[in-house]
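A.B. asks: model the following, please.
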Amino acid sequence: MLVFPKDGIKINSSNTLYFFRFEDFFTNKTVKYADISKILSENVVDTTATTSGDDNGTDTAKSSKNSLLRRIQHIEYPNNNPDALYPFFEALNGIAKGNELIRVLHYGDSQIEGDRITSFLRFKLQTKFGGCGSGFTQVNNPAPSVSIAETPSDNWVKYTLIGRDQPKASHNRYGAMLGFSRIALQHKDTTNKDSSMYFGKIFASLTNTSFQNTRSYQRLKLFYGYNRKDVNVKLYQNKELLKSETLPASKALNVLTWDFESGPSSFSLHFKGKDSPDVYGFALDGIKGIAIDNIPLRGSSGYGFSQTNFDNLKRFYDLLNVKLVIMQFGVNAVPENEKTIVPDYSYYEKGFYEQLNTLKKINKDLCIIVIGISDRSRKAGNYYETNPNIIKIRLAQKNAAFKAGCAYWDLYEAMGGENSMPSWVFAEPALANKDFTHFNESGARIVSEMFYNSLLNDYNEYLKQAGKLFSKAVK
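C.D. replies: Take a look at the predicted model:
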């Protein structure tokens, strides 16, 4: 105790070794963990709606009614004006009247990896508003997804803005997913007369661990561009050739679309050419309804959007028909050393605002919801307590959101507030991992259920207001 450093000994980038302090043994400090029993009783998730394969969707009218009886963690708005989400609500309301497919992009850090949180939100929204498919998938995902199994051949190289160890492109056209992949390394010299032939494959299959609506799709879209030479792409189901297309040499972002009555449950894309396009990924969607994409950016604090080519980013959003962006970050803004307390997070507020403001410039009707940081615990003797940086990060995110004209949903409060993470970890069964940071699959569903209830509550309020305005207009 006398000789061991108070701040511990750093073993590697992820681990620090600590030793007990005198105060750990001779103080009577105790911490009361948050009572989450009411949260859990009000957000019982129907697990039969996921993997059984025989679910045809929940009773949405009953679901909507029941959600209004629960304790809602209300979405907050700048100047308490809910019209920040009205363009998205209008698009939702218009789905039944037209043949449009609208899109929600769910960005986040490792908290949403593997389609956690997003998958249940997708199930709920598609059940109510229509749509199918798992949405957008990158060529090289940071973690396996519960909704789609995707395996690229070994020669794909991923270029991304996020991550110190990832290759960086010679340009900044990273697109909506902040990354792309290639089977041929980038040529900085456009006069290069390399005659090599490049080959690459992407294998994908729907999983039996996903929701029923995710296991079907009607449209496959490939997003690519900027190949200097023609590239052939073939679509196979097992060994059967379904389609063969040429991707012409291009200096733009493009999309190739294949429509099906019912898309194959497994397929592969085979690329062959003397160059490679920048392949951003593929999307499995319905013809109409709503699509929700899971976009995990491991290690990110929500930065990168202001660094990518804006014209390329805008065209990507236009092609996807994005109506709502969900930004769920913050965990990586907490210092690795859990005893470090950052005195001022104004730098993060400024940087996060720049990202939100960049996205808002894409389209005046683009709506954004910031999901605030969840509780995260640090070890303090023989108990766990909320990391003191959490409150500061939470406030910085909320300030940035309101300044940029975005909505804010307080996950920290929704899950129980101060010292709530240990209650999720020690719940029976457990709802979070023993890193006291990440929700497990069961906990992620409850988070998704709470967020959906809050979103649906405000959508219903929008419908009431729209009805009143219509009645006045008729009179």
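
A.B. asks: switch to C-alpha atoms for all contacts and neighbour counts from now on
C.D. replies: Noted.

A.B. asks: what comes up buried for the helix or strand hosting Tyr459?
C.D. replies: In this assignment (DSSP states H and E), Tyr459 forms part of helix 441-474. For helix 441-474, the neighbour count (16 or more other C-alpha atoms under 10 Å) marks 441-459, 462 as buried.

A.B. asks: wait, isn't Ser262 in contact with Arg215?
C.D. replies: No. Using C-alpha atoms under 8 Å, Ser262 is not in contact with Arg215; the gap is 10.0 Å.

A.B. asks: of the two, who's got more company?
C.D. replies: Taking other C-alpha atoms under 10 Å, Ser262 and Arg215 do not tie; Arg215 has more neighbours (22 against 11).

A.B. asks: how long is stretch 357-370 end to end?
C.D. replies: 12 Å (C-alpha to C-alpha, to the nearest Å).

A.B. asks: scratch that, stretch 144-160 is what I was asking about
C.D. replies: Start-to-end, stretch 144-160 (C-alpha to C-alpha) is 18 Å.

A.B. asks: quick one: mean pLDDT for that stretch?
C.D. replies: Averaged over stretch 144-160, pLDDT sits at 93.

A.B. asks: any idea how far it is from the chain center?
C.D. replies: Relative to its parent chain, stretch 144-160 has a centroid offset of 16 Å by C-alpha atoms, centre = their mean, to the nearest Å.

A.B. asks: and the contacts of it?
C.D. replies: Identification of contacts with stretch 144-160 by C-alpha atoms under 8 Å, 6 or more residues apart in numbering yields 113-116, 119, 134, 139-140, 166-169, 174, 178-185, 200-211, 214-215.

A.B. asks: now list the buried members of the residues you listed.
C.D. replies: For the contacts of stretch 144-160, buried by 16+ other C-alpha under 10 Å: 113-116, 119, 134, 139-140, 168-169, 174, 178-185, 200-211, 214-215.

A.B. asks: among these, which are in strands?
C.D. replies: Gly179, Phe180, Ser181, Arg182, Gly200, Lys201, Ile202, Phe203, Ala204, Ser205, Leu206 (DSSP state E).

A.B. asks: separation between the fifth one and Ser119?
C.D. replies: As defined by C-alpha to C-alpha, Gly200 lies at a distance of 29 Å from Ser119.

A.B. asks: go ahead and report the secondary structure state at the residue nearest to Thr257 when sequence neighbours are not counted.
C.D. replies: Of all residues not flanking Thr257 in the chain, Lys221 sits nearest, at 4.5 Å (C-alpha to C-alpha, 6 or more residues apart in numbering). The three-state label for Lys221, taken from DSSP: H, G, I helix; E, B strand; the rest coil, comes out as strand.

A.B. asks: for beta bridges, what are the partners of Lys221?
C.D. replies: On the basis of DSSP bridges, Lys221 is bridged to Thr257, Ala283.

A.B. asks: pull the contacting residues for it.
C.D. replies: Here Lys221 is in contact with Val255, Leu256, Thr257, Trp258, Phe282, Ala283, Leu284 (C-alpha under 8 Å, 6+ apart).

A.B. asks: could you report the pLDDT at the fifth one?
C.D. replies: Okay, so that is Phe282. 97.

A.B. asks: now do the spatially closest residue to Ser181 that is not a sequence neighbour against Tyr384, distance only.
C.D. replies: In this structure, Ser181 finds its nearest non-sequential neighbour in Lys158, 4.2 Å apart by C-alpha to C-alpha, 6+ apart. Lys158 sits at a distance of 38 Å from Tyr384 (criterion: C-alpha to C-alpha).

A.B. asks: for Phe451, same thing?
C.D. replies: On the measure of C-alpha to C-alpha, Phe451 and Tyr384 end up 26 Å apart.

A.B. asks: before we move on, what about Lys350?
C.D. replies: Distance of Lys350 to Tyr384, computed by C-alpha to C-alpha: 30 Å.

A.B. asks: pick out whichever of those two has more residues nearby.
C.D. replies: Neighbour totals were compared for Lys350 and Tyr384, and Tyr384 leads with 20 against 15 (other C-alpha under 10 Å).

A.B. asks: quick check: which element contains that one?
C.D. replies: strand 383-386.

A.B. asks: may I have that strand as PDB, with CA atoms only?
C.D. replies: C-alpha atoms of strand 383-386 as PDB (Å, rounded to 0.1, in the frame of the first residue of the first chain):
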ATOM      1  CA  TYR A 383     -17.900  -1.200  -4.600                       C
ATOM      2  CA  TYR A 384     -18.600   0.400  -8.000                       C
ATOM      3  CA  GLU A 385     -19.500   4.000  -8.600                       C
ATOM      4  CA  THR A 386     -20.400   6.200 -11.600                       C
END
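
A.B. asks: how about that strand: buried residues?
C.D. replies: Across strand 383-386, burial judged by 16+ other C-alpha under 10 Å covers Tyr384, Glu385, Thr386.

A.B. asks: circling back: which one of the ones in strands among the buried ones among the contacts of stretch 144-160 sits closest to Phe271?
C.D. replies: Nearest to Phe271 out of those is Gly200 (C-alpha to C-alpha; 5.1 Å).

A.B. asks: so what's that closest one bridging to?
C.D. replies: Bridge pairing for Gly200 - DSSP bridges - gives Phe271.

A.B. asks: ok, now which ones touch it?
C.D. replies: Contacts of Gly200 by C-alpha under 8 Å, 6+ apart are Pro152, Ser153, Asn155, Trp156, Ile183, His270, Phe271, Lys272.

A.B. asks: separation between it and Leu256?
C.D. replies: Gly200 is 17 Å from Leu256, where distance means C-alpha to C-alpha.
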